[in-house]
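> sequence and predicted model, in that order:
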Number of protein chains: 2
Amino acid sequence: MSDQKTSHDTRDRILDIAERLFMENGYEATSMRMITGAAEVNLAAVNYHFGSKEALLREVFRRRLSWLNRERLQALDRLEGQAGGAPLKPSQILEAFFGTLLRMGEDEALGGMTFLRLLGRTLTDPAEFIRNFFAGEYAEVIDRYKLALFRALPDVPKAEIVWRLHFMLGAMSYAIAGTDVLQVVTGCGLGDLAGESGSGGPGDLVVARRLAQRLMPFLLGGLRAPLPQSIELPSQQQEPSR
Amino acid sequence: MSDQKTSHDTRDRILDIAERLFMENGYEATSMRMITGAAEVNLAAVNYHFGSKEALLREVFRRRLSWLNRERLQALDRLEGQAGGAPLKPSQILEAFFGTLLRMGEDEALGGMTFLRLLGRTLTDPAEFIRNFFAGEYAEVIDRYKLALFRALPDVPKAEIVWRLHFMLGAMSYAIAGTDVLQVVTGCGLGDLAGESGSGGPGDLVVARRLAQRLMPFLLGGLRAPLPQSIELPSQQQEPSR
DNA sequence: ACTTCGCTCAAACGTTCGTTTGAATCTTAA
DNA sequence: TTAAGATTCAAACGAACGTTTGAGCGAAGT
């Protein structure tokens, strides 16, 4: 209906619509015709501007991740500058890494919760080109934060820290992306954190902030949990209580 | 090559192959022809035995989840019987819920790590029929465990417990399913836990056991982490350190 | 005025998808 | 032996997929 092509040219409109549809349906179940139809552009526009459907998905992520990971590195630089050579506190590192991401959810211009949900979902997508893409986009950031955590927790084996980084990433991604499933299953989800429901609404701001408030203590508690008694165990040993 | 149709009729062979292919490629990217080709059965066999591709996926999950969730309920019954009315310890509840799942990964007859990976991946699938299916399969188990956690942590608001249940489910699912991505990203994954690599190998037994050993302390640490200072916060308040 | 270039458009390309069909084959029991 | 039922089979169905094509359009440069 409304014909405002001023601030929204074809390229950006495709990216915005694709971001939302990939989030709602997944990559495979979202067709070019769904995207171009919703964006009200010609079917061939995607291949003209991006080359292929795969390249479109990569570009959807690149414009957000390049900003996010640059911001994350700057946050770490800032903290390490303030610390003056001393190791950072785990809480500072988590705040820089996860807080920066969750703050994207409050900013509609950065994709808001739509992008956060898409990111969490796509991390488990088995498509190979997606794995390769993420590996390249995340390599530097993960490496820097891994080192920061190693220094922050000198008594914890490095392999253990990397595993707990996995766990933390999973907890965060599911809290955002898996909500539609878990909400149905547990009877509680992101919708309960705000008055409004549905992605892209004005309630996203408060959702992201309250989610961070609940998530950060959990992550910190898990990261600093006592280590398992023994790394190697001979055989079964299945005692439920400690 | 080997022609042993004795213990493996068409139905079961389809289920086993579909379980692996859905895990490797996802639901949408796995075609009927891939499944029937790998299972060496006729293309029409799936529709004959199961009715549709959706029904096949449901049956792949049903035969595993019915066992898993029955086992989970029995484990909880056993613990509550031993406690004689007293609240359970959080560690006992987590062991019953997550330990039962992780022990499936050690048993090839129960799907092993293949099923665990598939389960973790599919929980974030946005398809509606999948969400509805899981909601039904998990309803009773989640309800029982929610109540057990409420009793185990009487000082923690119930909403907070449900959120931490989300976080725990996410940490576990990503640790299993998201490994292919995270391994590339973090340079450490399930493969490092065993001598062998690849799903379905003999290393799966030790992988599942060592994963549990790393995961359970993390989950327990997150579950029992101190609560956020204030549930309501007026505005920004962005202090990185505590 | 004319060419150039970036972009849009309708139409079609060949392929693959999930599903259906009806005959052929196997199994079982009277 | 024969009839009935269950299962497998090759073949085809219509629909939807991602991509390509070549004509057409409007603004910019000379």
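Received, thanks.
> what about the residue nearest to A:Val156 when sequence neighbours are not counted, distance to B:Glu106?
Nearest residue to A:Val156, sequence neighbours excluded (C-beta to C-beta, 6 or more residues apart in numbering or on different chains): A:Leu227, at 6.8 Å. (Each C-beta comes from the backbone N, C-alpha and C, glycine too.) Distance, A:Leu227 to B:Glu106, using C-beta to C-beta, to the nearest Å: 22 Å.
> and the residue nearest to A:Val156, which of the three is it?
Secondary structure, DSSP: H, G, I helix; E, B strand; the rest coil: A:Leu227 is coil.
> and A:Leu227 and B:Glu106? which has more neighbours close in?
B:Glu106 (17 against 13; other C-beta atoms under 10 Å in any protein chain shown).
> tell me which residues touch the residue nearest to A:Val156, please.
Applying C-beta atoms under 8 Å, 6 or more residues apart in numbering or on different chains, we find A:Leu227 in contact with A:Val156, A:Pro157, A:Glu160, B:Pro217.
> same check, this time on A:Ala171
Contacts of A:Ala171 (C-beta under 8 Å, 6+ apart): A:Leu215, A:Phe218, A:Leu219, A:Gly222, B:His166, B:Phe167, B:Met168, B:Gly170, B:Ala171, B:Tyr174, B:Gly222.
> can you list the residues of chain A near DNA strand C?
A:Asp9, A:Thr10, A:Val41, A:Asn42, A:Leu43, A:Ala44, A:Ala45, A:Tyr48, A:His49 (C-beta under 7 Å from any atom of the strand).
> give me the phi and psi for A:Glu85.
Actually, residue A:85 is Gly. It isn't Glu. phi 90, psi -20 (degrees, to the nearest 10).
> and it, how many neighbours does it have?
6.
> can you give me the distance of it to A:Arg151?
Counting by C-beta to C-beta - A:Gly85 and A:Arg151 are separated by 10 Å.
> from the residues of chain A next to DNA strand C, which are also near DNA strand D?
Restricting these to those touching DNA strand D (C-beta under 7 Å from any atom of the strand) yields A:Leu43, A:Ala44.
> below-threshold pLDDT in chain A: ranges please.
Low-confidence segments of chain A, defined by pLDDT under 70: A:1-8, A:178-203, A:230-242.
> regarding it, what is its longest helix?
The longest helix of chain A (DSSP state H) is helix A:53-83.
> right, is that one up against chain B?
Yes. Judged by C-beta under 8 Å from any C-beta of the partner chain, helix A:53-83 and chain B are in contact via A:Leu79.
> run the chain-centre distance for the helix or strand immediately after that helix in the chain.
Next in sequence after helix A:53-83, counting helices and strands by DSSP states H and E, comes helix A:90-94. On the basis of C-alpha atoms, centre = their mean, to the nearest Å, helix A:90-94 sits 17 Å off its chain's mean C-alpha point.
> could you dump helix A:90-94 to PDB, C-alpha only?
Extracted in PDB, the C-alpha atoms of helix A:90-94 (Å, rounded to 0.1, in the frame of the first residue of the first chain):
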ATOM      1  CA  PRO A  90      34.800 -13.200  34.600                       C
ATOM      2  CA  SER A  91      31.700 -11.000  35.100                       C
ATOM      3  CA  GLN A  92      33.300  -8.300  33.000                       C
ATOM      4  CA  ILE A  93      34.100 -10.700  30.200                       C
ATOM      5  CA  LEU A  94      30.600 -12.200  30.100                       C
END
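> mind listing the helices for chain A?
A:10-25, A:32-39, A:45-49, A:53-83, A:90-94, A:100-104, A:112-122, A:128-152, A:158-176, A:179-186, A:204-223.
> now render those helices as a markdown table, adding distance to B:Tyr145.
Below are the helices of chain A laid out as a markdown table (distance: least, C-beta to C-beta, whole Å):
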| stretch | distance to B:Tyr145 |
| --- | --- |
| helix A:10-25 | 29 |
| helix A:32-39 | 38 |
| helix A:45-49 | 45 |
| helix A:53-83 | 35 |
| helix A:90-94 | 27 |
| helix A:100-104 | 27 |
| helix A:112-122 | 23 |
| helix A:128-152 | 31 |
| helix A:158-176 | 16 |
| helix A:179-186 | 10 |
| helix A:204-223 | 17 |
